[in-house]
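**Student:** could you work out the structure for the sequence below:
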Amino acid sequence: MADKAVIVGGTRRVGRWCSEALLAAGWSVLALYRSGADEAAAFHAELEAAGLPLGIAQADAASEGALKQPLEDYCGADPLRLLVYSAGPASRGPLSALDSAGLEDLWRANVLGFHNAVRSSLQHMQRGSAIIGFISAGNETLRAYREVAAYGACKTMLASYCRSLARELAPRGIAVNCIALGVTDLPPEGVPAISADAIPAGELVGQEDLARALWQLSRADSAVLTGSVINLGGAFGL
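**Tutor:** This is a model prediction of the structure:
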């Protein structure tokens, strides 16, 4: 029986990459999305045609309890081996120009949604399961941001949250880690475009780079690899 993974935000952009990589590696995947039903359905059909069956369901992780039923339907009596949280929009502009509603929306999508996803998933997890969150390169070193300051603050909070959760879940053998993404070769969305020339390594992050990090952090024998950050930045943000 294939190991089961849930990817929140798993039908677009980085989440789509995760879904494709895990399916190609033989995992069973449920991709959850908040909006963009047509895009999710098209992605589902594309993978089905390629012989990669993907489960999809619509749910807003920022709403408490919204993931409970989709996870119960998907897992049944089987363990959930992996939770990946790749949701969370970015926001561009100075902190002083962002109103409280805008900041709350960012926090709900990037932090509260992760918290809710964890709470809904833990009852299905066992020793050897893993949780992966996404932050941005530089968050783990408390880097200051100019163009995406509020987004960076939320992701820095998420990095701290994951470290504390890793310590809390370590006795249960559940690993919690982060992937710190630099600039991907996806089209920029909500953030300034950055070319490979601005990256010290001279390369943008590709899907294969991300897949290798996922495979490392999702290994069933990786319980000691917890509370860490794999930086896929090519030295960007250092």
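**Student:** look up how far residue 163 lies from the closest residue to residue 169 other than its chain neighbours.
**Tutor:** Take residue 169 and drop its neighbours on the chain: the residue closest to it by CB to CB, 6 or more residues apart in numbering is residue 176, 5.9 Å away. Where you see a C-beta, it was placed from the backbone N, CA and C, and this is true even at glycine. Computed as CB to CB, to the nearest Å, the residue 176 to residue 163 distance reads 8 Å.
**Student:** isn't residue 157 up against residue 114?
**Tutor:** No: judged on CB atoms under 8 Å, residue 157 makes no contact with residue 114 at a distance of 9.8 Å.
**Student:** pLDDT score for the nearest residue in space to residue 4 that is not next to it in sequence?
**Tutor:** Once flanking residues are discounted, residue 4 sits nearest to residue 28: 4.9 Å by CB to CB, 6+ apart. Per-residue pLDDT puts residue 28 at 97.
**Student:** give me every residue that touches residue 28.
**Tutor:** Listed by CB atoms under 8 Å, 6 or more residues apart in numbering, the contact set of residue 28 reads 2, 3, 4, 5, 55.
**Student:** angles on the backbone of it, please.
**Tutor:** phi -90, psi 130 (degrees, to the nearest 10).
**Student:** likewise the one 10 residues further on?
**Tutor:** As for residue 38, its main-chain torsions (degrees, to the nearest 10) stand at phi -60, psi -40.
**Student:** how close does it sit to residue 58?
**Tutor:** 12 Å.
**Student:** so between those two, which is more surrounded?
**Tutor:** More neighbours surround residue 58 than the other of residue 38 and residue 58, with 14 against 8 (other CB atoms under 10 Å).
**Student:** what residue ranges in this protein score low on pLDDT?
**Tutor:** 190-192 (pLDDT under 70).
**Student:** so what's the residue most central in space within the chain up against?
**Tutor:** Taking CA atoms, centre = their mean, the centroid of the chain lies closest to residue 86, which sits 2.4 Å from it. Contacts for residue 86 (CB under 8 Å, 6+ apart) come out as 7, 8, 9, 10, 13, 14, 15, 18, 134.
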